[in-house]
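# Generate coordinates for the sequence data below:
(2 chains)
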Amino acid sequence: MSVPMENPISFTNVGRSKWWHRGIFASQTGYVLLALIVLMIVMRFASPYFFTEGNMQNVAKNFSFIAIATLGITFVIITGGIDLSVGSMMCFSAMITSMVMVELSAPGSYFVHMAADGKTVVANMPGLILLISVLAGLFVAFLVGIINGFCIAILGLSPFVTTLGMLSIVRGLAYVVSNGRGSFPGGPDADLFYALTSGDVYGLPAPFIYLMILAVIMAVVLHHTSFGRHVFALGGNEKAAELTGIPVVRVKIEVYVICALAAGLQGIIISGWLGSAPANMATSYELNVIAAAVIGGANLAGGLGGPLGAIVGCVLLEVIRNGLVLAQVNSYWQQTLVGVIIILAVLVDRIRSRMT
Amino acid sequence: MTTSSTNGQPVLELTGIGKEFGAIRALHGVDMHVHPGEVVGLMGDNGAGKSTLVKIIAGNFRPTHGEIRFDGNPVHFSRPIDARAVGIEVVYQDLALADNLTAAANVFLGRELKRKFGPIALLDHKAMASRALDLFGELRSETRPHDLVKQMSGGQRQAVAIARTRLSNAKLVMMDEPTAAISVRQVEQVLSLIHRLKEQGVAVMLISHRMPDVFAVCDRVIVMRRGEKRADKPIHDTSPEEVTALITGAKEAA
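Down below sits the predicted model:
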């Protein structure tokens, strides 16, 4: 079909932008990554403890505790949406997981039959209780994600209001099911649960490993599948996305489900580290998660963001926290500084885009 | 170049198209035809029925009366996607591009090329970029497939939007005010893009308020007023003054 070109296209009036004006170097993620490296070098000289193995493990573990949820919310933010219910979602999923775990382990409970040896049937298969309870926790997250997506994509409610409502609904449910007391992982699989959530593999914290795997998957999905392309298109120009035949409703529902599942998984992991799922767990974590995503370069107006940015944002927040502790600065300064950094990160990006 | 409007089968043929919205008669008894490789200007004041007509052809509305034939066959569109399936593409005034994506990504938006890796289908970036480059070459537009649309000039954006229509091998491209909001130099580029489409045998309907543009590229001009077709003349048989008179109603019909 293509006509033979007698003169192949030549670019006379448009120069190719220099490599440092393209890709990661021209993005907020790049600047924040640079700032993070500088900060770590400063910390290296400020405190001899910073680069010790123990401290690094601590940092890796701590930022992993919000980074998985940040990966999830990044999908939503790229489409131009927001999900404020992630903090409550973490708590609710964690609570359901530990309650199911206890319930399945307890002899004489509703769902399980006794085996001959006096244990419940599921307890005779190692890991089965754990598997079912984690799936139960993720299933409630899935439901919440579906409801968020339904309200936003089909009923056309604003994401902010819908998920603000959901924040309250899910937190309320967490209090209702636990009667305000929270719940504790228990039963024969509890040790396995702790090992998988707060254990180490060759010195690497387990949550950190999950995070890395999920981040790689996310990078592939965002940049190398048509779903990822549609997520970006939705954030860039929703009307255009609709006109070109992208299934806008489906993509929107999918991103809210992904976000809720990531938050649920995050909550389950945190509860393993805490050893319990209290009813006030992860309160206001949604703000940390959104802050980390925004610092890392996700644009709340939509169309920009990625796994690297999400992780860099989380690491930066954690390094600052950790650094302030090592520098023996009053820990109340932390929150103030985090706020300053959110604004600085966005400001630097604004100045840069004005300059070019 | 001679116009092809006198020979061959028309790609689009409308007979007696009418559209009522409740008691309002937006269109009445519109007959028209467009041949392959022909550029037809559709002119008229606001509310003359231009956009209703375009929306009927594009499948946004169903006509209340009349028949649409495309490539000789009667067609009934209930959704825009039906019109696109037979080969009608619309380039919207705001171009419907995602600024944060590259030119190639926009060209292939919603119909990405993929390569299968077992159960997973991944985007085939290379194939899309090289196909997009071919399309930009056909349009003689200096547009790089890997550049972000937000960094592009108005003319380049038009090229991207038009390349989308070339991708599906559309037979009829309707352009809604493509020159309304861009600079003089870019208008030149857009008009030359229209010439490229014409060279490739694509029928183009140009909906525009700008008289010089219509007279620069169109073979024929159709004037609408108060929901009816008032004139349908080869461009060399008319003048901007006559068309203006027809649009405003100073001259009833021609």
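# centre of the chain versus the helix or strand encompassing A:Glu318, how much separation?
When secondary structure is defined by DSSP states H and E, A:Glu318 falls within helix A:307-326. In this view, helix A:307-326 has its centroid 14 Å away from the chain centroid, taken as CA atoms, centre = their mean, to the nearest Å.
# now swap in stretch B:193-201 and tell me
12 Å.
# can you list contacts of that stretch?
Stretch B:193-201 has contacts (CB atoms under 8 Å, 6 or more residues apart in numbering or on different chains) with A:3, B:36-39, B:138-141, B:155, B:158-159, B:162, B:165-166, B:173, B:175, B:178, B:204, B:206, B:217. For the C-beta atoms, the positions are set from N, CA and C on the backbone; glycine is no exception.
# Same check on stretch A:161-173?
Taking CB under 8 Å, 6+ apart as the rule, stretch A:161-173 contacts A:82-85, A:87-89, A:91-92, A:144, A:147-148, A:151-152, A:283, A:286.
# Of those, which is the most crowded?
A:Met89 (36 neighbours; other CB atoms under 10 Å in any protein chain shown).
# Now do the contacts for that one.
Contacts for A:Met89 (CB under 8 Å, 6+ apart) come out as A:141, A:144, A:170, A:260, A:263-264, A:267.
# Take these and keep only those in helices.
The helices, defined by DSSP state H, take in A:141, A:144, A:170, A:260, A:263-264, A:267 from the contacts of A:Met89.
# Could you pick out the residues of the stretch 201-350 of chain A near chain B for me?
Residues of the stretch 201-350 of chain A found near chain B (CB under 8 Å from any CB of the partner chain) are A:220, A:223-226, A:229-230, A:232-233, A:235-237, A:239-241, A:243-246, A:303-304.
# Quick check, pLDDT for B:Ala181.
Turning to B:Ala181, the model gives it a pLDDT of 67.
# ok, for residue 102, nearest residue in space, not its chain neighbours?
Let's take chain A. A:Gly186 (4.4 Å; CB to CB, 6 or more residues apart in numbering or on different chains).
# my bad, chain B
Closest residue in space to B:Thr102, ignoring its immediate chain neighbours: B:His146 at 5.3 Å, by CB to CB, 6+ apart.
# Helices along chain B, start to end?
Counting by DSSP H, the helices of chain B are B:50-57, B:80-86, B:103-107, B:125-138, B:154-167, B:184-199, B:211-217, B:240-248.
# Give me whichever of the ones you listed is most buried.
Ranked by mean neighbour count, the helices of chain B are led by helix B:103-107 with a mean of 28 (mean count of other CB atoms under 10 Å in any protein chain shown).
# so, in contact with chain A or not, that helix?
Yes. Helix B:103-107 lies within reach of chain A by CB under 8 Å from any CB, at B:Ala105.
# just checking, what packs against that helix?
helix A:226-236, helix B:125-138, helix B:154-167 (3 or more CB pairs under 8 Å, 6 or more residues apart in numbering or on different chains; DSSP states H and E).
# Select from the ones you listed the stretch with the lowest mean pLDDT.
helix B:154-167 has the lowest average pLDDT among these, namely a mean of 84.
# C-alpha coordinates for that helix, CSV please?
Extracted as CSV, the C-alpha positions of helix B:154-167 are listed here (Å, rounded to 0.1, in the frame of the first residue of the first chain):
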residue,chain,number,x,y,z
GLY,B,154,0.3,22.0,14.9
GLY,B,155,1.2,20.7,11.4
GLN,B,156,2.9,17.7,12.8
ARG,B,157,0.0,16.9,15.0
GLN,B,158,-2.3,17.0,12.0
ALA,B,159,0.1,14.6,10.3
VAL,B,160,-0.2,12.2,13.2
ALA,B,161,-4.0,12.4,13.2
ILE,B,162,-4.1,11.9,9.4
ALA,B,163,-1.6,9.1,9.6
ARG,B,164,-4.1,7.3,11.8
THR,B,165,-6.6,7.4,9.0
ARG,B,166,-4.0,6.1,6.6
LEU,B,167,-3.3,3.2,8.8
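# can you list contacts of that helix?
Residues contacting helix B:154-167 (CB under 8 Å, 6+ apart): A:14, A:244, B:89, B:91-92, B:95-97, B:103, B:106-109, B:111, B:131-132, B:135-136, B:138-139, B:141-143, B:149, B:152, B:173, B:175, B:178, B:181-183, B:185-186, B:188-190, B:193, B:197, B:200, B:202.
# how far out from the middle of the chain is it?
The answer for helix B:154-167 is 11 Å, by CA atoms, centre = their mean.
# how much does that helix deviate in direction from helix B:184-199?
Using axes from the mean of the first three to the mean of the last three CA atoms, to 10 degrees, one finds that helix B:154-167 and helix B:184-199 are set 20 degrees apart in direction.
# before we move on, back to that, point out the least confident one among the contacts of stretch A:161-173.
A:Thr283 (87).
# For chain B, see how far away the nearest residue to that residue once chain neighbours are set aside is.
Leaving aside its sequence neighbours, A:Thr283 sits nearest to A:Gly87 (CB to CB, 6+ apart; 6.1 Å). Per CB to the nearest CB, to the nearest Å, A:Gly87 is found 28 Å from chain B.
# Does A:Gly87 touch A:Asn280 like I think?
No. Look at A:Gly87 against A:Asn280 with CB atoms under 8 Å: they stay out of range, at 10.2 Å.
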